[in-house]
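# Mind looking at a prediction? Sequence and model below.
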Amino acid sequence: MSSDSSDKSKPRVGIYGLTGCAGDQLLLIHCEDEILDIFNAFDIRSFVMASSNPIEDDMDVALVEGSVSTEEQKEHLLEIRKRSKILVAIGNCATVGGVQAMYAQDGTFKDRMKKVYGDMKFITAPMEGQPLDAFVTVDYYLPGCPISAKQALPLLSRLLHGASPEPFPHPVCHECKLQENKCLLLDKKFCLGPLTQGGCGAVCPSHGLPCVGCWGPNPDANFNEHVKLLESFGMTKDEVIRRIRNFGGHKILQYIKDL
Ligand code: SF4
Ligand code: SF4
């Protein structure tokens, strides 16, 4: 970790977590072959999963995981944004709101909170989980649940060299085809690949399992037609939409509002 006497020529980086499982931060630590290069190339000043001695000052890059789920986190995020030149949302919770937002805006938030946390005395001003860009400008998005090293390392490399990271532009189906998988839909099996942002390498269909959408919604998808297709397999519309919402967070609402 950094100290105040660290090399000023290295980009200063802070890695933060709001509400999430910390899996994205863990993924970075688990890049065991690259972790030393990362710590050598960057001045990692704040990363509480790696050190309990963070230095909180101006950052070149802030990587932020997790949804904003309390007023305190909102204030923390605003403060991080203020002192960071580039802010990257990492993981499904930060990019779309996460599984904690699967019932976003359905009016049951307070009841659900009470059921789980009782009188909520130990949580300061909770709110429905929302993605970072509901409150601040996000410069780059690194989707995934968790993020993958295949995308995270090129993003870090590009930022290190002053270039813009390139997001993966295709849905999961594109990667599924590259893996030469037989499409599950041909056997009338549930799969959300067409509706889901690619980048994971179609890992689930490659093991015969359906994509459940954990990399978040693909903005170019035809949600209406895919819901109709899955209904034709014997699922109810409500069940299809419930599954689409599992990892869709707040962002999914714009795509399913007319279904
Ligand atoms: S199995 Fe799923 S991800 Fe693969 S091509 Fe079919 S719908 Fe797409
Ligand atoms: S659920 Fe879909 S997006 Fe998530 S890892 Fe599996 S195939 Fe990839």
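Good, I have the coordinates. Ligands and ions are numbered 1, 2, ... in the order given.

# tell me the contacts of whichever residue of the chain sits closest to ligand 1?
Scanning the chain for the residue nearest ligand 1 gives Gly193, at 2.2 Å (criterion: CB to the nearest ligand atom). All C-beta spots, glycine's among them, are computed from the backbone N, C-alpha and C. Contacts here follow CB atoms under 8 Å, 6 or more residues apart in numbering; on that basis Gly193 touches 171-173, 176, 184, 202, 205, 210-211.

# Which of the helices and strands in this structure ranks last by mean pLDDT?
Within the chain, confidence by mean pLDDT, DSSP states H and E is lowest for helix 109-117 among all helices and strands, at a mean of 90.

# pLDDT wise, what is Asp4 at?
At Asp4 the predicted local distance difference test score is 56.

# what does Phe168 give?
Note for Phe168: predicted pLDDT of 83.

# secondary structure class for it?
With DSSP: H, G, I helix; E, B strand; the rest coil as the basis, Phe168 sits in coil.

# Give me the buried positions along the least confident helix or strand of the chain.
Phe109 (16 or more other CB atoms under 10 Å).

# Next SSE downstream of that helix?
Along the chain past helix 109-117, the next helix or strand (assigned with DSSP states H and E) turns out to be strand 126-130.

# and the stretch 101-250 of the chain, which residues reach ligand 2?
172, 196, 200, 202-205, 211-215 (CB under 6 Å from any ligand atom).

# Go again with 5 Å.
Proximity of the stretch 101-250 of the chain to ligand 2 (CB under 5 Å from any ligand atom) is limited to residues 196, 200, 203-204, 211-212, 214-215.

# Spatially, what comes nearest to Asp139 if we skip its sequence neighbours?
Distances taken as CB to CB, 6 or more residues apart in numbering put Ile86 closest to Asp139, at 4.8 Å, once the chain neighbours are dropped.

# How about the helix or strand the one you found falls within, which residues are buried there?
Assigned by DSSP H and E, Ile86 falls within strand 84-90. By neighbour count, with 16+ other CB under 10 Å as the criterion, the buried positions of strand 84-90 are 84, 86-90.

# which helices and strands sit right next to the helix or strand following that strand?
Moving toward the C-terminus from strand 84-90, the next helix or strand (DSSP H and E) is helix 92-95. Other helices and strands packing on helix 92-95, by 3 or more CB pairs under 8 Å, 6 or more residues apart in numbering; DSSP states H and E, are strand 59-65.

# how about the strand it packs on as CSV, C-alpha atoms only?
Taking only C-alpha atoms (Å, rounded to 0.1, in the frame of the first residue of the first chain), the coordinates of strand 59-65 have been written out as CSV:
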residue,chain,number,x,y,z
MET,A,59,-7.4,10.5,-6.6
ASP,A,60,-6.7,10.0,-10.4
VAL,A,61,-9.0,7.0,-10.4
ALA,A,62,-11.7,5.8,-8.0
LEU,A,63,-13.1,2.3,-8.5
VAL,A,64,-16.4,2.1,-6.6
GLU,A,65,-18.3,-1.2,-5.9
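
# Thank you kindly, that will do.
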